[in-house]
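*Asks:* turn this into a model:
(2 chains)
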Protein chains: 2
Amino acid sequence: MKVKPIEFKNDVLYLIDQRLIPYKEEYVEVRTLKECYESINLMVTRGAPIIGFTTIYGMALWAKNNPDYNLKSLEDAVSYIKKARPTAVNLAYEADRCFEILKNTQDKSQAYSTLVSFGNEEIKKLENDNTQMAKFALEDLKKRLGKDRFRLLTHCNTRRLACGCIGTALGVVSYLHTNNHVEHVYADETRPYLQGSRLTAFELSKENIPHEIVVEGAASYLMRNKLVDAIFVGADRIVKNGDTANKIGTSNLAIIADYYKVPFYVVAPTSSFDLSLSSGSDIEIELRSEEEIKQYRGLEIAPKKSRALNPSFDVTDSHLITGIICEKKLITDHASQGVSW
Amino acid sequence: MKVKPIEFKNDVLYLIDQRLIPYKEEYVEVRTLKECYESINLMVTRGAPIIGFTTIYGMALWAKNNPDYNLKSLEDAVSYIKKARPTAVNLAYEADRCFEILKNTQDKSQAYSTLVSFGNEEIKKLENDNTQMAKFALEDLKKRLGKDRFRLLTHCNTRRLACGCIGTALGVVSYLHTNNHVEHVYADETRPYLQGSRLTAFELSKENIPHEIVVEGAASYLMRNKLVDAIFVGADRIVKNGDTANKIGTSNLAIIADYYKVPFYVVAPTSSFDLSLSSGSDIEIELRSEEEIKQYRGLEIAPKKSRALNPSFDVTDSHLITGIICEKKLITDHASQGVSW
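*Replies:* Residues are numbered from 1 along each chain as shown, chains lettered A, B, ... in the order given. Here you go, the predicted structure:
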């Protein structure tokens, strides 16, 4: 059974409460823009694409609850929802798109259904794009490895909980499983936030995909013992020369995969490509709170006096990446030609 | 201030309770062989060398409390203490050495003081050996890097808490710090058992060595950003061709260090060398409990249905090791010549 992290039906937006996973599986019901704001702000839902979809449905509910809206009240609503998580690019992007649609809607009685349809279509579109990526991945795996069942390793969480639909790297894994191409999956626990053991393992469990959680230190052990056929990771940003920023630990994996000659794939929509930057050295890396490393759910792990350094992302050198898979194509000449499609 | 994990004075053996670190710093007082057994069995103390020293002092206390011992009661005592942790090689080794000493002691009134002196001398001997290793390390670092202050990365815990005295890899770090050669230390948290964030960070804090805890996923980030001058790790077993088994995650580090051309040192006494095995492939790797990955202090981290794979050690390829440092010499021709001194 697949996780449904977001669903809109009977005038209600249902969001799985990601704060409780894997301990509980509960849904928050959203009926107003204020409830939508709170769901994003309090991290009931997280992950760039799903925050975008949540925003669209939130604005749809606003239009339903405010049938007599005018330009001023619309501007206030958009400005309000954007503050839910100020740095979330998809939130502002989708809020602005909703603003344009509502501003230009002649028959306001149609505004609500227009936005609901828009949200449904956007999810459908991403679902199609993700599926296309998974097909590119399968085709290349078969050709490269000369077999059709694979043992895969993945990092962080890149499936429904983050994306709302199939997802990128873990979407590939799920697609391959559905089509009987998965022998086993290793899920990096992904310290410090444990997206792997909390979220990825949860999604793999729900779909009955055979898997084991491993600490990140086990990567060389796994590959030395020939337990991994290929590695799939997502991307936060891919720049012109193919260098890729992703969750901390990704670049470790790429170097180790290169040492053991294990194919290493980055899976990301073209919207994650930033061709304005020429190389990975131009990417700024977010440093996050020390407490993510020094505590676990309020329990102290480390001495109070000790400091921790917590970079949230790292940069993987372009030439270490076997293929970059986007919805347009599989890119393999990125290290020599730069990224293009 | 240095941690004193083991101290014998006024007829009492004081052991720091490692189960409480870093939350509390408390000592257990041992006055009988039974209390010695319990301290080892319940993991008040852990780490191969320190278990050996604890055994010697425990047998000394037994001799004090049993001045009229005979061969039968001595055999019973040795057999009893060996069961405290059946797989601990140093325990059985030191128990057997105590047996020989006590069996051959003519004047039983001297037995107690003989064993206490023996314990003190063994610690002193290891302390000298560890210091010699640190000197080899400093000499090579200066020559190789052409400077005399270093930013170091280490993995797991290899200092007083494990060794009772200076220690191996972290012993090098401490020696360098004492002699003003340390700019900064990065301590891998060392999942799943967190020896880095719990024990290593605790010892670095006590000695005021500037340090930050990092997740193991940050290794490439640190080296890509030129924040690490050299890496020091310990070893559980070094075989004939120089392949080295150590805490899971060590081999990841060696591969990444090789990619970024950062010197990678293994520090271990010759007692950790096993020349009966020809290569790392012959080393059996212990698989430990899934719960170490799936729980933290009783809290569930991962879904109940998910499995975890928990290899406790990995094997680092000989040619990735810049130097193997033992008490006899710095070995650098291990990859071509095999290990010898």
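*Asks:* contact partners for the closest residue to chain B within the stretch 1-150 of chain A?
*Replies:* Closest contact between the stretch 1-150 of chain A and chain B, by CB to the nearest CB, is at A:Pro22 (4.1 Å). In short, each C-beta sits where N, CA and C put it, glycine included. Applying CB atoms under 8 Å, 6 or more residues apart in numbering or on different chains to A:Pro22 gives the contacts A:Arg198, A:Leu199, A:Ala201, A:Phe202, A:Ser205, B:Glu300, B:Ala302, B:Pro303.
*Asks:* between all of those, which two are separated the most?
*Replies:* Largest separation among those by CB to CB: A:Leu199 and B:Glu300, giving 14.0 Å.
*Asks:* quick check, the helix or strand of chain A with the lowest mean pLDDT touching chain B?
*Replies:* One helix or strand of chain A scores below all others by mean pLDDT, DSSP states H and E: helix A:160-163, with a mean of 86. No. Legend: contact between helix A:160-163 and chain B by CB under 8 Å from any CB of the partner chain is lacking; minimum distance shown is 12.6 Å.
*Asks:* can you check stretch A:192-201 too?
*Replies:* Yes. For stretch A:192-201 and chain B, the contact criterion (CB under 8 Å from any CB) is met by A:Pro192, A:Leu194, A:Ser197, A:Arg198, A:Ala201.
*Asks:* helices - which of the residues you listed land there?
*Replies:* A:Ala201 (DSSP state H).
*Asks:* rewinding a little: roughly how far is the least confident helix or strand of chain A from the heart of the chain?
*Replies:* Mean C-alpha position of helix A:160-163 versus that of the full chain (CA atoms, centre = their mean, to the nearest Å) differs by 6 Å.
*Asks:* list the contacts of the closest residue in space to A:Glu139 that isn't next to it in sequence.
*Replies:* For A:Glu139, ignoring the flanking residues on the chain, the nearest one in space by CB to CB, 6 or more residues apart in numbering or on different chains is A:Leu330 at 7.6 Å. Residues near A:Leu330 by CB under 8 Å, 6+ apart: A:Phe136, A:Ala137, A:Glu139, A:Asp140, A:Gly323, A:Ile324.
*Asks:* quick check: A:Leu330 vs chain B, distance?
*Replies:* Relative to chain B, A:Leu330 is positioned 24 Å away (CB to the nearest CB, to the nearest Å).
*Asks:* who does that residue form a beta bridge with?
*Replies:* Using DSSP bridges, the bridge partners assigned to A:Leu330 are A:Ile325.
*Asks:* now swap in A:Ala245 and tell me
*Replies:* Applying DSSP bridges, one finds that A:Ala245 bridges with A:Arg237, A:Val315.
*Asks:* now the helices for chain A?
*Replies:* Here chain A has its helices, by DSSP H, at A:33-41, A:48-65, A:71-82, A:89-103, A:111-145, A:160-163, A:169-178, A:195, A:201-206, A:219-224, A:250-260, A:291-294, A:334-337.
*Asks:* export those to a markdown table and tack on mean neighbour count?
*Replies:* As requested, the helices of chain A are exported to a markdown table (neighbours: other CB atoms under 10 Å in any protein chain shown):
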| stretch | mean neighbour count |
| --- | --- |
| helix A:33-41 | 19 |
| helix A:48-65 | 25 |
| helix A:71-82 | 16 |
| helix A:89-103 | 18 |
| helix A:111-145 | 18 |
| helix A:160-163 | 26 |
| helix A:169-178 | 25 |
| helix A:195 | 23 |
| helix A:201-206 | 24 |
| helix A:219-224 | 25 |
| helix A:250-260 | 25 |
| helix A:291-294 | 20 |
| helix A:334-337 | 15 |
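*Asks:* least confident of those helices, on average?
*Replies:* Note on the helices of chain A: helix A:160-163 shows the lowest mean pLDDT, a mean of 86.
*Asks:* what does that helix rub up against?
*Replies:* Contacts of helix A:160-163 (CB under 8 Å, 6+ apart): A:2-5, A:16, A:18, A:21, A:46-50, A:126, A:130, A:166-167, A:171, A:199, A:202-203.
*Asks:* let's see that with 7 Å instead.
*Replies:* Helix A:160-163 has contacts (CB atoms under 7 Å, 6 or more residues apart in numbering or on different chains) with A:Lys2, A:Val3, A:Pro5, A:Gln18, A:Gly47, A:Pro49, A:Ile50, A:Leu126, A:Gly167, A:Leu199, A:Glu203.
*Asks:* now stretch A:51-71
*Replies:* Contacts of stretch A:51-71 (CB under 7 Å, 6+ apart): A:6, A:8, A:11, A:13, A:15, A:30-33, A:36, A:39-40, A:45, A:73, A:77, A:81, A:85, A:88, A:90-91, A:93-95, A:98, A:102-103, A:108-109, A:111-112, A:115-116, A:118-119, A:122-123, A:164.
*Asks:* how about stretch A:174-192?
*Replies:* Identification of contacts with stretch A:174-192 by CB under 7 Å, 6+ apart yields A:131, A:134, A:138, A:148-156, A:159, A:166, A:173, A:196-197, A:200-201, A:204, A:207, A:209-216, A:222, A:228, A:247, A:249, A:292-293, A:310, B:191, B:215, B:217, B:293.
*Asks:* hmm, try it at 6 Å
*Replies:* Outside stretch A:174-192, the residues within contact range by CB atoms under 6 Å, 6 or more residues apart in numbering or on different chains are A:134, A:148-153, A:155-156, A:173, A:196-197, A:200-201, A:209-216, A:292-293, B:215.
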